[in-house]
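K.L.:
Here is a sequence together with a model predicted from it:
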Amino acid sequence: MRTSLFKNQDALAGLLFMGLGALGFAVALGYKFGTTIEMGPGYFPRILSLVLIGFGILTFIKGVRSCAAIEGGWAWLPLALLTAAMVLFGFLVERLGLVPALATLIFVSARAGHEFKALEVLVLTVVLSLLAAAVFVWGLKLPYSLFAWNF
Amino acid sequence: MRIVYKALAALALSALATAVHAQQYPEKPIRLVVPFPPGGGTDVVARVIAQKLGESTGWTLVADNKPGSGGSVGLSLAGKAAPDGYTVVLAQNANLVINPILGKANYDPIKDFAPIGLVASAPQVLVVAKDSPLKTVEDLIAAAKAKDGKLTFASPGVGTSSHLAGELIQQIAGVKFRHVPYKGAAQALPDLLGGRVEIYISSVPSAMVQIKEGVLRPIAVFATKRDADLPDVPTFEEKGLKNSEAVTWWGLAAPAGVPAPIVARINTELNKVLKQPDTRSKLRSAGAEALGGSSEEFGALIKSDVPKWTAVIKAADVKVAD
Amino acid sequence: MEIIDHFVLGFGVALSLQNLAYCFLGVLLGTLIGVLPGVGPLVTISMLLPMTFGLPPVSAVIMLSGIYYGAQYGGSTTAILVNLPGETSSAVTCLDGYQMARRGRAGAALAIAALSSFVAGCIGTLLIVALGVPLAGWALRFGAEDYFALMVLGLVAASVLSHGDMVKALAMVVLGLLIGLVGTDVNSGAERYTFGLPELADGIGFTVLAVGIFAISEVVLNLEQKEAREVFTRNVGGLMPRWEDLKASFLPTLRGTAIGSFFGILPGTGPSISSFSSYMLEKKLAKDPSRFGQGAIEGVAAPEAANNAAAQTAFIPTLTLGIPGSATMALILGALIMNGVQPGPSVMARNPELFWGVIASMFIGNALLVALNLPLVGLWVRLLSIPYRWLFPAIVMFCALGNYSLNNSAIDVYLCAAIGVLGYVLAKLKCPPAPLVLGYVLGPMMEENVRRALLLSEGDLSIFVRSPISLTFLALSLLLLISMALPAIRRGKARVDQEEAGAT
């Protein structure tokens, strides 16, 4: 039985390893290699990248031979929403303050769930913001403003 | 002519505004950027200063730890902040002066920062393990010459103040050590005590515990006068190695462009606080000697440190961007 | 018996009402702070440090060390409940603890974590008392070449972490090694893979990596199905471990304690290496290694024992030599100095009530932690009955906030999000995360030490076999390699034979 390359678990893993290895090697070309006795900063990165590419090739070949498919579908939308939620939090926390950043994070990430009830999420936001403020700002006295306007 | 009058009027008005501003200053909490994580030496100095300034003036100073890249992250952040007097940074020579020379930071110590005042300093000290045959500076120089570049010298990292102090003394004494960098004192000290490396350079406060316990033996300090905590330890200057001063200093700075009256105001309050015995003893227990002085003196120190360390780094060929 | 006098003195100090209260406060704060990812004992202790100035030194140190080892207890809680490692040391606990929770055994996992931590904590404290000084001297004999050989052994053992597909597990180790190289190269000072960002100069934080690779990717995996899926089984079994659980955990706990105590004394190796090592040992020793990663109770007991033992024995170099093994230890050392106590070898002679009081408080603190944590198990398990649609935004919040609080830097949050994406893709491609994290932990130490060893030996490669410690570790690595390769070769040969037979 043939599996399309895009569903082939090991072939994709092999490609990913090869890609990361190639990236690692290309960047490490800028670092001095040195010798085994006097290793430069580029020695380990370049060798490890090559080994990773090697393992990638092995994994790829295995994938082509075994044709094991990925189990289940990809959850691209939840992944994108959660990533966006974290990035937005990072972007907003120093600009608008902790509470707006948390509210954004919770609303965006809650969208990734199967059900989204605005009222529930609002209550969740209030509870979690209070908890975060109590622990981090009032308890640990970390210098975060709850609300801010820094643009 | 009218334009000139207008400009003059505007100038006068803005000067007045700044003066008023300085009088009302501060209207909100001042952020004190600490370019190191909580718990380290810089953090302790920062918290003492924040607390004491707060007590004596009623201001609120909020210590904001922004660690990373040997202080470059915090300094770079503070240098770019609005020059309104509400962001100040506790800089060290290692990050304000040395990191830019090493190419580890993208700010200019003179152009991007307004010096406020020197806070404290601590000299570097050269130490050996208690059972080392090296006892004096003379022993050290003789051993370095005899071993012909193979005397091993441990430092807490490439480009740290300790490493550069080591380079400085090699250049002045005309000897060569083999530099073995570590990741902080916690890794270097076991190797020193285990006899795998021969000498180590550290700031006085971070070696004080081991020196007092007799685990480490101090050979000499990198200062113009003896350290109050180590009165029996000579300076390299005394031993005829001139211009061998290498201290860690801490100073308050603000982003360039901060109104002069605000700088003057903070400097005045800082100097008052630094004269209090309690502040001095708190800094002392952290190993630092309280200093103080005008903002011009601090600026002059920065201006003289830049060429000094540039020369050392160039001569030793210390490179971090490779 | 001198030692009994010492203990009488110590318990006399530690059992005073005031010191008991500070001990309780310390371990309570430690547990709570350990539960949160990111915020660790370092931040907590430095925030509380100014408040301890007014206290007698012994009370201050009792409280601060309580925070330190209490955090090791708390760190396992979120690791078990939601695959979110609260402290660096509890990443390994995720592997089997979380699987136990999904099978309705969160209570047993949490209780075993607390009990094995207690045993390890007490044994670790006894070690400080009985063997502190000789052990500290012994740790000084570890040179760069020995550390390197130890890391090699760790990497060879890493293949044990794979579930079947060895090549992928090894690829993940190498990827972890590469991720570990991000940041400033210790030996040359060069910045690698930082892409010009000064925030990356100190490398990618352990919490950033572990939270991204374990917690974020797990949340996405759970949200994969269109219809609401039950993440946790409804029938939550007994809250407390059964008799057979205790029996199964007994030896792993002791072995974990031994391994943890060993690594705790070596400055700079850290609790994560000790928990990984004990996990790998248990899997290697197990009759049925395939249970690991599926909720094996030994996989919780051993690493939890290891990281707590390491946390205790880390006091040995601090107390006997005045050399702090970690930043947190440095802070406790600083607290001693600021409270007017000179730490170091002579502290026992000059300040016996402080030294023995703190030691005694560690026994009391560990007992308090069990008394505190066992009743909390019921509460934590009830958290799992919260609908997942409320739970997961809270998990994401703690991931983001915890990572932000590490350096007060948004870059860490962005990095964690990016690693979450990578972690999800790797999980879908059935690439195991544990070898990657192990590679990340071992890689930088391995590179640093091999280069330092060669620098100190002036390029003489024989240094690695001349040192008896290094030689032992390298020989062990070789033995392990052979023991793994032999069955694999035999199996491979059998398969080829089968294929040939099938072809005809």
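P.N.:
Looks like it arrived, so ask away.
K.L.:
Mind listing what's buried along the lengthiest helix in chain A?
P.N.:
Longest helix in chain A by number of residues (criterion: DSSP state H): helix A:43-66. Neighbour-count burial for helix A:43-66 flags A:43-60, A:62-63 (criterion: 16 or more other Cβ atoms under 10 Å in any protein chain shown). The C-beta positions use only the backbone N, C-alpha and C, and glycine is treated the same way.
K.L.:
What of stretch C:161-170?
P.N.:
Residues of stretch C:161-170 classed as buried: C:Leu161, C:Ser162, C:Asp165, C:Val167, C:Lys168, C:Ala169, C:Leu170 (neighbour count, 16+ other Cβ under 10 Å).
K.L.:
tell me the two of those that are most distant?
P.N.:
Using Cβ to Cβ, the buried residues of stretch C:161-170 span at most 13.2 Å, a distance reached by C:Leu161 and C:Val167.
K.L.:
need the contact list for the most centrally placed residue in chain C.
P.N.:
By Cα atoms, centre = their mean, the mean C-alpha position of chain C lies nearest to C:Ser89, the distance being 2.0 Å. For C:Ser89, the contacting residues are C:Gln72, C:Gly75, C:Gly270, C:Pro271, C:Ser272, C:Ser274, C:Ser275, C:Pro303, C:Asn307, C:Ala310, C:Ala311, by Cβ atoms under 8 Å, 6 or more residues apart in numbering or on different chains.
K.L.:
if we can go back for a sec, could I get the buried residues of stretch C:161-170 as TSV with secondary structure, pLDDT and distance to chain B?
P.N.:
Formatted as TSV, the buried residues of stretch C:161-170 follow (DSSP: H, G, I helix; E, B strand; the rest coil; pLDDT from 0 to 100; distance: Cβ to the nearest Cβ, whole Å):
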residue	secondary structure	pLDDT	distance to chain B
C:Leu161	helix	77	26
C:Ser162	coil	73	30
C:Asp165	coil	80	34
C:Val167	helix	89	32
C:Lys168	helix	91	31
C:Ala169	helix	90	28
C:Leu170	helix	91	27
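K.L.:
quick one: low-confidence ranges for chain A?
P.N.:
Scanning chain A for pLDDT under 70 picks out A:1-3.
K.L.:
Leaving out sequence neighbours, find the closest residue to the residue of it most remote from its centre.
P.N.:
Relative to the C-alpha centroid of chain A, counting by Cα atoms, centre = their mean, A:Ile37 is the outermost residue, at 36.8 Å. Closest residue to A:Ile37 apart from its sequence neighbours, by Cβ to Cβ, 6 or more residues apart in numbering or on different chains: C:Gly459 at 3.9 Å.
K.L.:
Mind picking the one among the buried residues of stretch C:161-170 that's closest to C:Val370?
P.N.:
C:Leu161 (29.6 Å).
K.L.:
so that closest one sits right up against C:Lys283, yeah?
P.N.:
Yes: between C:Leu161 and C:Lys283 there is a contact under Cβ atoms under 8 Å: 7.4 Å.
K.L.:
Using CSV, list the CA coordinates for the helix or strand harbouring C:Tyr279.
P.N.:
Assigned by DSSP states H and E, C:Tyr279 belongs to helix C:270-285. Presented in CSV, the C-alpha positions along helix C:270-285 are these (Å, rounded to 0.1, in the frame of the first residue of the first chain):
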residue,chain,number,x,y,z
GLY,C,270,21.6,20.2,38.0
PRO,C,271,18.6,18.2,39.0
SER,C,272,17.3,17.5,35.4
ILE,C,273,20.3,15.3,34.6
SER,C,274,19.7,13.3,37.7
SER,C,275,16.0,12.7,37.0
PHE,C,276,16.8,11.7,33.4
SER,C,277,19.5,9.3,34.6
SER,C,278,17.3,7.6,37.1
TYR,C,279,14.4,7.3,34.6
MET,C,280,16.7,5.7,32.1
LEU,C,281,18.1,3.3,34.6
GLU,C,282,14.6,2.2,35.7
LYS,C,283,13.6,1.6,32.1
LYS,C,284,16.8,-0.4,31.5
LEU,C,285,16.2,-2.5,34.6
